[in-house]
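Colleague: would you be able to build a 3D model of this:
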Amino acid sequence: MTRNVKRFLAVSLLSLTPSIAFAGQDDFGFSDFLTQRSEFVSVREGAIEIPALRGAPAESFGPALENLFVQNQTTSTLSLGLQTVTGTFNGVFNPYPCPPASLCGYQVAATSPGVPPTPPVVQQYYWTANPSNPAAGKTCVWRLEVSVDAANNCAATVFFGTYGGAVCTVDAARSFIDPATCQTQIVTNIQ
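Modeller: Numbering: from 1, shown residues only. Sure thing, here's the model as predicted:
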């Protein structure tokens with residue numbers, strides 16, 4: 001077995017509630033949901049740069065609202081798990097829990113009005129078909145990182161990890177970051 005496979009087959013997760021950060025992390029900082037198992041478990045990771053919103057009006061920093069959506073393309077109802085929240089959690093959008101064939105999500109106010117974000121702004125969350133044991137069901141773990149360069153332009157990268165045979169993608173056509181205000185919309189898909 002390679003060292004990477006062994007790393008993914010370690011760490012026991014005893015319980016899971018949405019607002020608890022977990023121990024045991026991989027290269028992108030994701031929690032390891034996998035318990036000691038005798039069967040093979042497939043895990044995939046990746047990263048995607050989020051496109052800047054074109055034609056955005058030049059504004060001072062607003063509250064940097066982050067809308068984080070998921071398109072549920074599974075046949076199961078999905079539950080949200082929050083691991084890292086930077087800013088103020090404003091709540092989930094209806095419907096919740098997320099039924100099949102639905103667009104669901106939540107919102108975070110990452111900064112106060114007029115205040116640029118202090119890098120990095122990180123939201124780490126997952127959508128899972130099995131909230132009591134995410135590694136046993138289709139689960140997508142997402143990590144949004146927003147940064148600000150020396151010219152006060154905002155940029156965003158989304159990192160992801162998959163568990164339980166889920167197919168996790170970012171819908172780049174519906175995802176964006178406003179380079180002036182850091183307002184962000186991320187639309188992901190889980191199959």
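
Colleague: measure stretch 146-153 end to end?
Modeller: 10 Å (Cα to Cα, to the nearest Å).

Colleague: brain fart, stretch 137-157
Modeller: Separation of the first and last residues of stretch 137-157 by Cα to Cα is 26 Å.

Colleague: cool, and stretch 149-169?
Modeller: The stretch stretch 149-169 measures 26 Å between its terminal residues, going by Cα to Cα.

Colleague: same question for stretch 78-98.
Modeller: For stretch 78-98, the first and last residues are 5 Å from each other (Cα to Cα).

Colleague: run a quick neighbour tally on the residue nearest to Gln183 when sequence neighbours are not counted.
Modeller: Nearest residue to Gln183, sequence neighbours excluded (Cβ to Cβ, 6 or more residues apart in numbering): Leu65, at 5.4 Å. In this view, the C-beta of every residue, glycine as well, is placed from N, C-alpha and C. When neighbours are defined as other Cβ atoms under 10 Å, Leu65 has 19 of them.

Colleague: so what pLDDT did Leu65 get?
Modeller: For Leu65, the pLDDT comes out at 90.

Colleague: now Ile48
Modeller: You'll see Ile48 listed with a pLDDT of 71.

Colleague: so where do the helices sit in the chain?
Modeller: With DSSP state H applied, the chain shows helices at 3-8, listed in chain order.

Colleague: which residues of this structure score low on pLDDT?
Modeller: Along the chain, the parts satisfying pLDDT under 70 run over 1-46, 54-63, 112-119.
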